[in-house]
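Engineer: Give the three-dimensional model of this entry:
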Amino acid sequence: MWYNNGTSDGAIDNWLKYIENYFREIITIRVIKSNTKKMLTVKLYDDKPYEKEFTGRIVSVSEAADGGCLIELDQTLFFPEEGGQTSDRGKLSGFDVIHVSINDDIIIHEVDCGIADLHEGDEVRGIIDWHHRFSNMQNHTGEHILSGLLHSRWHSENVGFHLSDNIVTLDTSKELGREDLKELEKEANKVVYLNLTVTCRYYSEEELAGEEYRSKKALESDVRLVTIPDVDVCACCAPHVARTGEIGIIKIIKAIRYKGGMRLTFLAGERAYDYLCGVHDTIEEISHTLSESPDSLNEAVTRILRENNELEIKIKNAAKARLEADIGELPPDITDAVIFTDPVDNIVQRNAVNELSGRYTGICAVFASDEKDGYNYILSYPSGDARDISKLLREKLDARGGGSKEMVQGNVKAMEADIREALTKAHKDL
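Structural biologist: As a prediction, this is how the structure comes out:
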C-alpha cells in the first residue's frame, strides 16, 4: 500500500514513472548486452486495441535489405502481419513504419530511416495510423461474424482468410446457394445491429479444456479467444472492435466456387459504406443516361440488349448480302478474285472463299473490316499453295496468320491499295 505523507499526487506519479522507466531501461540494456536471451515483444495491442500512441525502447537496430531499418522494440502497439491480416502502419519517432512482421513472438518494424537515426536503448514514440487500424478491426470482426454463422447455421468452416488494404476474402468448406448467401448476409447484419460485446483474452490450459472454439490448427498454450456471445468463439491474434455495432454494415460483394467450397469477397464498416456509395453513384449515372428510374434499370438494360442483338443480326445479314452481291458482280474471265468488304461472320467469309475457289484459279480472298482496325482475311490459291501468299503478306505488310496449303487466314493492318499491289506481285512471282 502507498501512503501520501504530504507529497502531491503529481509528484508521486512522476516518481513512479521514473522508477518504471529506470527498471525497464536496466532490463533492456542487460538483455542487449548479454546477447544470450531474446526478449519477447510485449504486445500492447492485445489489451489496448484503441490506443493510438505509445512509447517503447529500442532493443535492436539493423539495416533492411531494400533500404531503411529493421527495429525491434521492447513493447509495441503495431500489429504485425499475421493471421491473414496486413500489418499496421504509422510513425516511429517521426519516421514512417512501412511494414511490421513477427517471428517467434519477436516483432520487427520496418522503418523508413537511416541506420544512424535510431539507436539501441533509445526511447521512441509510436503513432498508429488509426484509420487503417480501425478499418482492419471492423473487417476482421465482420469476418468472425460471418464465419461463426457459417459454422453454426450451415456447418461450413472457414478454411482461408485474407484481409488486405483493399479487399477481404473468406474461403468456406461448402458451397452455398444464392438464397443462403442472402440469408448469411442478413443474419450477419442483425448481429451488427444487436451491438454485442466482443471480448478478447488469453485462456489458461485449464480454461481451454472446457471451451469449444474455432481454430484452423491445434493450440496448446497462449491461446487468445475472441468471443461474440451466441455467434462465435475463435482463436485469433488480431485487434477487434469492442462492440459489433461499431462495424456498421457487412456486405458480401462476390461469391465464386473455390476448391470444393466458396470464396466470399466482402467488405465491412467504412469500406462497405464507400463501396455502396460508389455503386449508388453508378446506378444514378446509368439511370440518368437511360432516362429510367433505378428500379426499372434491369428491364431497361434487358430491352436494350435484346434490341442490340436484333440490330447486330440485321447488320450481319446486310453484310452477307453485300458480299454475295460483290461475288456476283465479278467477271467470269479473271484469274484472281479479291474482295474487300464490311465485317462478316467467319463462316460466311470462309464459305465465300470456297465459292470463289470453285470459279477461279488464281488468288481467291475476302478481306473483311477496314483499314483503321485492320483486315481479317481468308484466302486460297487453287493453282498453288495458299501458304506462299500468306508468307508474302507477312514479309511485305507484316501480316499475321497461317493455315494449310488449301486455305489460310489472318490479319493485316494496311491500305487496300497496298494489299492489292502485294497480291498482284505475288501472283506474278509465283
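
Engineer: Spatially nearest residue to residue 73 (excluding sequence neighbours)?
Structural biologist: Once flanking residues are discounted, residue 73 sits nearest to residue 56: 3.8 Å by CB to CB, 6 or more residues apart in numbering. The way it works is simple: take the backbone N, C-alpha and C, and place the C-beta from them, glycine included.

Engineer: part of a helix, is that neighbour?
Structural biologist: No. Going by DSSP: H, G, I helix; E, B strand; the rest coil, the assignment for residue 56 is strand, not a helix.

Engineer: Contacts only, for it.
Structural biologist: With contact set as CB atoms under 8 Å, 6 or more residues apart in numbering, residue 56 has these partners: 73-76, 123-124, 126.

Engineer: try 6 Å this time
Structural biologist: With contacts taken as CB atoms under 6 Å, 6 or more residues apart in numbering, residue 56 has the following neighbours: 73-76, 124.

Engineer: tell me the SS of residue 88?
Structural biologist: coil.

Engineer: who's in contact with it?
Structural biologist: Contacts for residue 88 (CB under 6 Å, 6+ apart) come out as 78-79, 100, 128, 133.

Engineer: and of those, the nearest to residue 201?
Structural biologist: Comparing the contacts of residue 88 against residue 201 with CB to CB places residue 79 closest, at 16.6 Å.

Engineer: pretty sure the closest one contacts residue 43?
Structural biologist: No. Look at residue 79 against residue 43 with CB atoms under 6 Å: they stay out of range, at 8.2 Å.

Engineer: of these two, who's got more company?
Structural biologist: residue 79 (27 against 20; other CB atoms under 10 Å).

Engineer: and the more buried one, what does it touch?
Structural biologist: 45, 88, 239.

Engineer: if we go to 7 Å?
Structural biologist: Residue 79 is in contact with 45, 87-88, 100, 238-239, counting by CB atoms under 7 Å, 6 or more residues apart in numbering.

Engineer: just the helices in this protein please.
Structural biologist: Secondary structure of the chain (DSSP state H): helices at 9-34, 44-47, 130-153, 178-194, 205-208, 269-290, 297-329, 346-357, 386-397, 416-429.

Engineer: Need the residues that contact the last one.
Structural biologist: In this structure, residues lying in contact with helix 416-429 by CB under 7 Å, 6+ apart are 336, 338, 340, 362-363, 367, 371, 389, 392-393, 396-397, 412.

Engineer: Now the buried members of those.
Structural biologist: 336, 338, 340, 362-363, 367, 389, 392-393, 396-397, 412 (16 or more other CB atoms under 10 Å).

Engineer: Show me the domain layout of this structure.
Structural biologist: With domains defined by automatic domain parsing, the chain comprises 9-128, 133-287, 316-429.

Engineer: a markdown table for the ones you listed, including distance to residue 296 and mean pLDDT?
Structural biologist: Formatted as a markdown table, those follow (distance: least, CB to CB, whole Å; pLDDT from 0 to 100):
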| stretch | distance to residue 296 | mean pLDDT |
| --- | --- | --- |
| domain 9-128 | 41 | 84 |
| domain 133-287 | 9 | 94 |
| domain 316-429 | 30 | 92 |
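
Engineer: closest one to residue 294 among those?
Structural biologist: Nearest to residue 294, of those and by CB to CB, is domain 133-287 at 5.0 Å.

Engineer: distance between the ends of that closest one?
Structural biologist: One end of domain 133-287 sits 37 Å from the other (CA to CA, to the nearest Å).

Engineer: Stretch 61-75 now?
Structural biologist: 15 Å.

Engineer: now do stretch 56-71
Structural biologist: Length of stretch 56-71, first residue to last, CA to CA: 11 Å.

Engineer: now stretch 327-343
Structural biologist: OK, stretch 327-343 end separation, CA to CA: 15 Å.

Engineer: contacting residues around that stretch?
Structural biologist: Residues outside stretch 327-343 that contact it (CB under 7 Å, 6+ apart) are 319, 322-323, 326, 352, 355-356, 359-369, 416, 420, 423, 427.

Engineer: in it, what counts as buried?
Structural biologist: 327, 336-341.

Engineer: Out of those residues, the closest to residue 149 would be?
Structural biologist: Once CB to CB is applied, the member of these that ends up nearest residue 149 is residue 341, at 59.7 Å.

Engineer: What's the separation between the closest one and residue 77?
Structural biologist: According to CB to CB, to the nearest Å, residue 341 and residue 77 sit 70 Å apart.

Engineer: same deal with residue 126?
Structural biologist: Distance, residue 126 to residue 77, using CB to CB: 6 Å.

Engineer: ok, now residue 215?
Structural biologist: Per CB to CB, residue 215 is found 25 Å from residue 77.

Engineer: and these two? which has more neighbours close in?
Structural biologist: Ranked by neighbour count (other CB under 10 Å), residue 215 and residue 77 place residue 77 first, with 24 against 12.

Engineer: That one contacts residue 130, doesn't it?
Structural biologist: No. Look at residue 77 against residue 130 with CB atoms under 7 Å: they stay out of range, at 10.4 Å.

Engineer: Between the domains of the chain, which one is closest to residue 302.
Structural biologist: Nearest to residue 302, of all the domains of the chain, is domain 133-287, at 13.4 Å by CB to CB.

Engineer: so which two of the contacts of helix 416-429 are the farthest from each other?
Structural biologist: Greatest spacing in these, by CB to CB: 362 and 371 (23.5 Å).
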